[in-house]
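Colleague: got a sequence here, can you build the structure:
(one chain, ligands or ions: 1)
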Amino acid sequence: MFSSTPKAAPHACARFGQRLRVSNHPLVQHMLVRLRDQTTPPAEFRRMVRGITNLLAVEATAHWPTEPTQVTTPLAETIAQALVDQVAIVPILRAGLGMADALLELLPDAQVWHVGLFRDEQTLQPTEYYNKLPRSLACRRVLVVDPMLATGGSAVRTCRLLIERGVDPSAVQFLSLIAAPEGVERLLSEFSDLHLCIAALDERINDVGFIVPGLGDAGDRQFHT
Ligand code: PRP
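Modeller: Model prediction:
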């Protein structure tokens, strides 16, 4: 279902091996068509964000441990498998919100730790404007979500915030819809335990910091701004 070998620029990120997973699932590819299309309206765009995130989440969580749990059905008592670890979802505002909504449907007991960053249009450096990390960051599974991984500045800043506050780097998984090789390089080079799961690895970022071919601005397209 997933390939660790990116389709675009395979030379650039192949060295990260299994730490980089690029979906080649046909449903993901199909939804990416609508996500990229400049004529796709915001409501459909948001649906595509949720749909692709669901499929990425299935892959990203496939190795998570479960434990036997007793449950009583209308007919009998039985043993079923439940997730072991407490989960936190970290949406990078604002574009990460749509992905977080999708994950919460799958993981309704997850904590949500909001981090607000925006990129300066000139310098492309992230500026932190909101930080709702709780006092205790004790979750064993931390899913950071942002649809776009361009220069990697926002992703790196967010992961640093988490790790500086005591999150185990090996607990962090980053989910993104479209990534540029530059951002993948930067994120996976800085955090040697981190795993990244994406729907597409695009060609490059342009001179104003947009992923090409990309989809434009995922925040603007979700929130119609
Ligand atoms: C976009 C995107 C990422 C960031 C990616 O957010 O959602 O957070 O830029 O760029 P980088 O990898 O070069 O840091 P933006 O700053 O446009 O804010 P928004 O989510 O509010 O639209």
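
Colleague: could you find the closest non-adjacent residue to whatever residue of the chain ends up closest to the ligand?
Modeller: Distances between the chain and the ligand by C-beta to the nearest ligand atom are smallest at Gly219, namely 2.2 Å. To be clear about C-beta, it is placed using only N, CA and C from the backbone, and glycine gets the same treatment. Computed as C-beta to C-beta, 6 or more residues apart in numbering, the closest residue to Gly219 that is not its neighbour in sequence is Ala95, at 3.9 Å.

Colleague: ranges for the helices of this structure?
Modeller: Using DSSP state H, the helices found in the chain span residues 10-13, 26-36, 42-60, 97-106, 153-164, 181-190, 218-223.

Colleague: quick one: low-confidence parts of this structure?
Modeller: Residue ranges of the chain with pLDDT under 70: 1-12.

Colleague: which parts of it sit against the ligand?
Modeller: 92, 94-95, 117-119, 124, 126, 146-155, 183, 209, 217-219 (C-beta under 6 Å from any ligand atom).

Colleague: let's see the PyMOL selection covering just the buried ones among the residues you listed.
Modeller: Command for PyMOL that selects the buried part of the residues of the chain next to the ligand, burial taken from 16 or more other C-beta atoms under 10 Å:
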select buried, resi 92+94+95+117+118+119+126+146+147+148+149+150+151+152+153+154+155+183+209+218+219
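
Colleague: quick check: which of the helices of the chain is nearest to Arg19?
Modeller: helix 181-190 (5.7 Å; C-beta to C-beta).

Colleague: residues contacting the most centrally placed residue in the chain?
Modeller: The chain has Leu175 as the residue nearest its centroid, 1.8 Å off, counting by C-alpha atoms, centre = their mean. Residues near Leu175 by C-beta atoms under 8 Å, 6 or more residues apart in numbering: 53, 56-57, 60, 99, 103, 143-145, 196-198.

Colleague: including neighbour count, could those go into a markdown table?
Modeller: Converted to a markdown table, these look like this (neighbours: other C-beta atoms under 10 Å):
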| residue | neighbour count |
| --- | --- |
| Thr53 | 29 |
| Leu56 | 27 |
| Ala57 | 22 |
| Ala60 | 21 |
| Met99 | 29 |
| Leu103 | 25 |
| Leu143 | 26 |
| Val144 | 29 |
| Val145 | 27 |
| Leu196 | 26 |
| Cys197 | 23 |
| Ile198 | 26 |
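
Colleague: all good on my end, thank you.
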